[in-house]
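A.B. asks: what's the 3D shape of this:
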Amino acid sequence: MKIYVRNMACESCKMVVKEALEELNISPIKVELGEIETKEPISDDKKRKLNNRIKKVGLELLEKKQGVLIEKVRKVMIDYVYNSDEKPNIKFSVLLSEKLGHSYTYLANFFSEVEATTIEQYIISLKIERIKELIIFKEHSFSEIADMLHYSSVGHLSTQFKKATGLTPTHFKALKEKRRITIQNI
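C.D. replies: Down below sits the predicted model:
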């Protein structure tokens, strides 16, 4: 049985879900970002208890089809920004369509209707937060960061970063403040 989870976007979220499942004696086959798979169906009572436990940290079980699709779109975007080290050979719109089996136009319109933002703006927000994280916590040059996040140049990264934050990446690095927001709050 597959269960989808809203806002599950990091390894610590997976740990919280695993602990909640363990407390409820539910044995998962796997726990991925935004998704839980179990061997046997879970009773409505256990789903309710699981949902109550994970809500305390900002997560939520998804029951409605539209919420499930939105989480799948988010999962692909987060994976694209946080976990793809090489530049993909295809455009993001094609990648998204292939992974989810819907046209990009359908997914983009659906996402915009439900989330009141575009896929492009959401990805930019994810990239900006990832850039902040890489500037604060890692030792990467701006050109390495631009390459990691699929920017055509450092100039493009800098322009987008300044437009979103009001600061250049160099100025942000000099501040040494942790100006990050969680993915759930984007």
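A.B. asks: Which residue ranges make up the domains of this structure?
C.D. replies: Using automatic domain parsing, the domains assigned to the chain come out as 2-63, 66-119, 121-185.
A.B. asks: In CSV: these, plus mean neighbour count.
C.D. replies: From N, CA and C alone the C-beta is placed, and that goes for glycine too. CSV is the format used below for these (neighbours: other CB atoms under 10 Å):
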stretch, mean neighbour count
domain 2-63, 16
domain 66-119, 15
domain 121-185, 16
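A.B. asks: Same list, those, but as a markdown table with mean pLDDT please.
C.D. replies: Putting those into a markdown table (pLDDT from 0 to 100) gives the following:
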| stretch | mean pLDDT |
| --- | --- |
| domain 2-63 | 88 |
| domain 66-119 | 87 |
| domain 121-185 | 87 |
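A.B. asks: what helix or strand is the most centrally placed residue in the chain on?
C.D. replies: What sits nearest the mean C-alpha location of the chain, by CA atoms, centre = their mean, is residue 78, with 3.3 Å. Counting by DSSP states H and E, the element that carries residue 78 is helix 65-83.
A.B. asks: Confirm for me that residue 62 is in contact with residue 4.
C.D. replies: Yes. The pair residue 62 / residue 4 is scored as a contact, 4.2 Å apart, by CB atoms under 8 Å.
A.B. asks: can you list residues touching both of these two?
C.D. replies: 68, 71 (CB atoms under 8 Å, 6 or more residues apart in numbering).
A.B. asks: distance of the residue nearest to the centre of the chain from residue 154?
C.D. replies: 23 Å (CB to CB, to the nearest Å).
A.B. asks: same deal with residue 84?
C.D. replies: Distance from residue 84 to residue 154, by CB to CB: 19 Å.
A.B. asks: same check, this time on residue 49
C.D. replies: Relative to residue 154, and taking CB to CB, residue 49 is found at 49 Å.
A.B. asks: Also residue 21?
C.D. replies: From residue 21 to residue 154 the distance is 43 Å (CB to CB).
A.B. asks: Next up, the contacts around residue 169.
C.D. replies: 131, 135, 142, 145, 157, 158, 161, 162.
A.B. asks: name the element the closest residue to residue 172 other than its chain neighbours belongs to?
C.D. replies: Once flanking residues are discounted, residue 172 sits nearest to residue 135: 6.0 Å by CB to CB, 6 or more residues apart in numbering. Assigned by DSSP H and E, residue 135 belongs to helix 119-137.
A.B. asks: Can you name every helix or strand that that helix contacts?
C.D. replies: Other elements packing on helix 119-137 under the criterion 3 or more CB pairs under 8 Å, 6 or more residues apart in numbering; DSSP states H and E are helix 65-83, helix 104-115, helix 142-148, helix 154-165, helix 169-175.
A.B. asks: what angle separates it from helix 65-83?
C.D. replies: 40 degrees (axes from the mean of the first three to the mean of the last three CA atoms, to 10 degrees).
A.B. asks: re earlier: looking at the contacts of residue 169, which two lie furthest apart in space?
C.D. replies: 145 and 162 (14.4 Å; CB to CB).
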